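In: generate coordinates for the sequence data below:
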Amino acid sequence: MKLDPRIVALKADVTQWRRDLHENPELMFDVHRTADVVAKRLREFGCDEVVTGVGRSGVVGVLHGRNGPGGKVVGLRADMDALPIFEETNLPHRSKVEGKMHACGHDGHTAMLLGAARHMAATREFDGTVVFVFQPAEEGGAGGKAMVDDGLMERFGISEIYGMHNLPGLTPGHFSTRPGPIMAATDQFFITIEGRGGHAAKPHEGIDPVLVGAHIITALQSIASRMVDPLESVVVSTTMVEAGTATNIIPSRVKLAGTVRTLKPEIRDLAEERLGQLVKGVAAGFGAQASVTYERGYPPTINHVAETRHAVDVARAIAGDAHVDPEAAAMMGAEDFSYMLEARPGAFIFIGNGNSAGLHHPAYDFNDEIIPVGMQYWTDLVTARTMA
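Out: Predicted structure coming up:
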């Protein structure tokens with residue numbers, strides 16, 4: 001592992017910042033304390049410009065290289081929000097806010113980018129300009145879209161944008177990424193089935209929406225198994241069923257809900273179309289009626305080829321060729337960095353968190369040992385891209 005001793009020397013301070021953020025988690029766009037801490041530190045480091053309230057509660061720091069303004073402008077993004085989860089650890093820095101915790105490592109992402117900002121501000125060993133982007137509401141609020149819609153790229157002249165996320169199960173400090181789709185689009189559907197209720201002892205006198213719902217749940221699995229190329233990825237999961245009030249009553253209505261995950265826009269379109277056709281067709285076959293509401297969420301996170309190659313080269317220089325996977329399997333989870341990659345070329349990379357609990361688990365904690373590695377990645381990436 002090739003780490004600058006000056007960066008390693010910052011580990012204790014950055015770890016303290018990370019644990020403070022962990023103790024004080026905030027949700028969605030309501031990250032005011034976190035944003036204040038970030039903005040204060042960026043100003044203390046000597047950033048040339050610090051702007052708050054971007055995308056409602058995001059923070060942006062601008063730092064010019066050794067030659068001042070001009071040259072390539074590279075954006076680096078970290079997410080700030082936590083999750084509505086009760087923490088189940090006994091750590092000294094466990095959450096002080098019951099029902100909220102940093103269960104996805106955004107505290108670590110924010111701290112690593114702050115640490116990199118401190119180092120780069122002190123040394124300015126790069127050309128061009130780096131823009132530090134601290135984003136709210138990644139966990140379902142589309143804070144990335146809010147910042148893009150608020151003119152993030154245009155206001156700060158960003159030409160390339162990069163993101164990083166920790167990954168439990170991957171060896172600490174190792175990296176993985178891939179060109180093209182790396183994380184999925186996440187959509188949700190809501191189905192209402194209207195039958196004709198009655199006595200459970202006389203099912204022939206009604207139209208049982210529970211039976212219809214069961215057939216619909218099964219039929220939806222044919223989208224992946226029979227309607228999409230087996231080499232493509234799609235997940236259709238019915239995760240909610242609402243029906244009935246008593247064991248001896250056939251209800252008149254059943255509600256289903258779930259999620260659809262896809263990696264390519266054309267497969268996303270196909271899944272939405274076929275889901276609607278199946279639901280209505282199956283319901284009609286039983287004499288019932290069904291309505292579908294399909295809501296699109298985050299688009300797929302699609303890495304740009306050239307920028308992914310740049311990210312891999314930087315990661316390899318730090319961790320070694322054997323510790324960087326440049327063709328990692330795509331994941332069916334979602335990430336709203338996707339909106340930023342729609343707006344500008346860039347790449348998303350994973351850094352190993354080791355043998356920790358999984359993301360969104362109440363026993364999860366960010367691995368502080370990887371902090372210098374993440375800081376080195378950000379620093380070296382800026383140097384490489386602004387001097388290109």
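
In: for the most centrally placed residue in the chain, give me its contacts.
Out: Centroid-nearest residue in the chain: Glu335, 2.6 Å away (criterion: CA atoms, centre = their mean). By CB atoms under 8 Å, 6 or more residues apart in numbering, Glu335 lies in contact with 138, 163, 165, 183, 298, 301, 348. (Each C-beta comes from the backbone N, C-alpha and C, glycine too.)

In: ok, of those residues, which one's closest to Gly206?
Out: Checking those against Gly206 with CB to CB, the nearest one is Tyr298 at 40.4 Å.

In: now do that closest one against Gln188, distance only.
Out: Counting by CB to CB, to the nearest Å, the gap from Tyr298 to Gln188 is 11 Å.

In: where exactly do the helices run in the stretch 1-150 of the chain?
Out: Ranges of helices in the stretch 1-150 of the chain, per DSSP state H, counting those that start in this stretch, are 5-8, 11-23, 32-45, 106-123, 143-149.

In: and the ones you listed, which is most packed in?
Out: Across the helices of the stretch 1-150 of the chain, averaging neighbours per residue (mean count of other CB atoms under 10 Å) puts helix 106-123 on top, at a mean of 25.

In: ok now that helix, how far from the chain's centre?
Out: Computed by CA atoms, centre = their mean, to the nearest Å, the chain-centroid distance of helix 106-123 equals 19 Å.

In: repeat that for stretch 363-378.
Out: 17 Å.

In: buried stuff in it?
Out: Within stretch 363-378, the residues scored as buried using 16 or more other CB atoms under 10 Å are 364-368, 370-378.

In: picking up where we left off before, got the helices of the stretch 1-150 of the chain as JSON lines, with distance to Phe156 columns?
Out: Putting the helices of the stretch 1-150 of the chain into JSON lines (distance: least, CB to CB, whole Å) gives the following:
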{"stretch": "helix 5-8", "distance to Phe156": "25"}
{"stretch": "helix 11-23", "distance to Phe156": "24"}
{"stretch": "helix 32-45", "distance to Phe156": "13"}
{"stretch": "helix 106-123", "distance to Phe156": "14"}
{"stretch": "helix 143-149", "distance to Phe156": "10"}
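
In: which stretch among those helices comes nearest Lys264?
Out: For Lys264, the closest of these is helix 143-149, at 19.7 Å, according to CB to CB.

In: tell me the spacing between the closest residue to Asn248 other than its chain neighbours and Gly163.
Out: Spatial nearest neighbour of Asn248, excluding adjacent residues (CB to CB, 6 or more residues apart in numbering): Ala200 at 4.6 Å. Distance, Ala200 to Gly163, by CB to CB: 53 Å.

In: what do you get for Thr301?
Out: Per CB to CB, Thr301 is found 8 Å from Gly163.

In: the longest helix in the chain is where?
Out: helix 265-285 (DSSP state H).

In: what's the following helix or strand after that one?
Out: strand 289-296 (DSSP states H and E).

In: pairing partners for that following strand, with directions?
Out: Here strand 289-296 is paired, per DSSP bridges, with strand 185-194 (antiparallel).

In: list the helices and strands the next helix or strand along the chain from the partner strand packs on?
Out: Per DSSP H and E, the first helix or strand lying C-terminal to strand 185-194 is strand 198-199. Under the contact criterion of 3 or more CB pairs under 8 Å, 6 or more residues apart in numbering; DSSP states H and E, strand 198-199 touches strand 249-250.

In: identify the residues contacting the strand it packs on?
Out: 195, 197-200, 203, 206, 208-210.

In: so what strands line up beside it?
Out: Looking at strand 249-250 with DSSP bridges, its partner strands are strand 198-199 (antiparallel).

In: in the longest helix of the chain, what counts as buried?
Out: 267-268, 270-272, 274-276, 278-280, 282-283.

In: picking that back up, pull the most distant pair out of the buried residues of stretch 363-378.
Out: Once CB to CB is applied, the buried residues of stretch 363-378 give Tyr364 and Gln376 as the farthest pair, at 23.6 Å.

In: can you pull the poorly scored residue ranges out of this protein?
Out: By pLDDT under 70, the weakly predicted segments of the chain are 388.

In: quick check: domain ranges of it?
Out: According to automatic domain parsing, the chain comprises the domains 5-183+300-386, 185-296.

In: what's across from the nearest residue in space to Phe134 that is not next to it in sequence in the sheet?
Out: Excluding the flanking residues, the one nearest Phe134 by CB to CB, 6+ apart is Val59, at 4.2 Å. Taking DSSP bridges as the rule, Val59 bridges to Thr52, Phe134.

In: correct me, but Val59 touches Ala39?
Out: Yes. With contacts counted by CB atoms under 8 Å, Val59 reaches Ala39, the gap being 5.1 Å.

In: between those two, what contacts are shared?
Out: Common contact partners of Val59 and Ala39 (CB under 8 Å, 6+ apart): 50, 52.

In: nearest residue to Lys145 other than its sequence neighbours?
Out: Distances taken as CB to CB, 6+ apart place Tyr339 nearest to Lys145, at 4.3 Å, with adjacent residues excluded.

In: contacts for the strand or helix carrying that neighbour, please.
Out: Assigned by DSSP H and E, Tyr339 falls within helix 337-343. Around helix 337-343, the neighbours that count as contacts under CB under 8 Å, 6+ apart are 75, 77, 133, 138, 142, 144-145, 147-148, 152-153, 161, 163, 183, 185, 298-304, 346-348.
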